[in-house]
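In: show me how the following folds:
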Amino acid sequence: MNLDRAIFAFAGVMILVSLALGHFVSPYWLLLTAFVGLNLLQSAFTGFCPAAMILGKFGVKAGCAFK
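Out: Numbering: from 1, shown residues only. Purely as a prediction, here's the structure:
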């Protein structure tokens, strides 16, 4: 698995978890969904993604988006 796919998987899991928490615990968890979405949007334009930096330090090989 390369870094691009790992970021997509991580973002998807975070969105699904925050939606479940927003439904069952508190609607304020939906702010996490908004944060993940905004982070994906800004990384599309800037190429900067904190999760990509962290996963890269764990040895996940870079894909074409995060070189």
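In: could you say which helix or strand holds the residue nearest the centre of the chain?
Out: For the chain, the residue nearest the mean C-alpha position is Ala11 (3.1 Å; Cα atoms, centre = their mean). Using DSSP states H and E, the element containing Ala11 is helix 3-24.
In: please pull out the lowest mean pLDDT helix or strand from the chain.
Out: helix 50-57 (a mean of 91; mean pLDDT, DSSP states H and E).
In: mind checking the SS state of Lys61?
Out: Secondary structure, DSSP: H, G, I helix; E, B strand; the rest coil: Lys61 is coil.
In: ok and the least confident helix or strand of the chain relative to helix 3-24, angle-wise?
Out: Orientation of helix 50-57 against helix 3-24 (axes from the mean of the first three to the mean of the last three Cα atoms, to 10 degrees) gives an angle of 130 degrees.
In: tally of neighbours for Leu55?
Out: Using other Cβ atoms under 10 Å, the number of residues around Leu55 comes to 19. For glycine as for every other residue, the C-beta is placed from the backbone atoms N, C-alpha and C.
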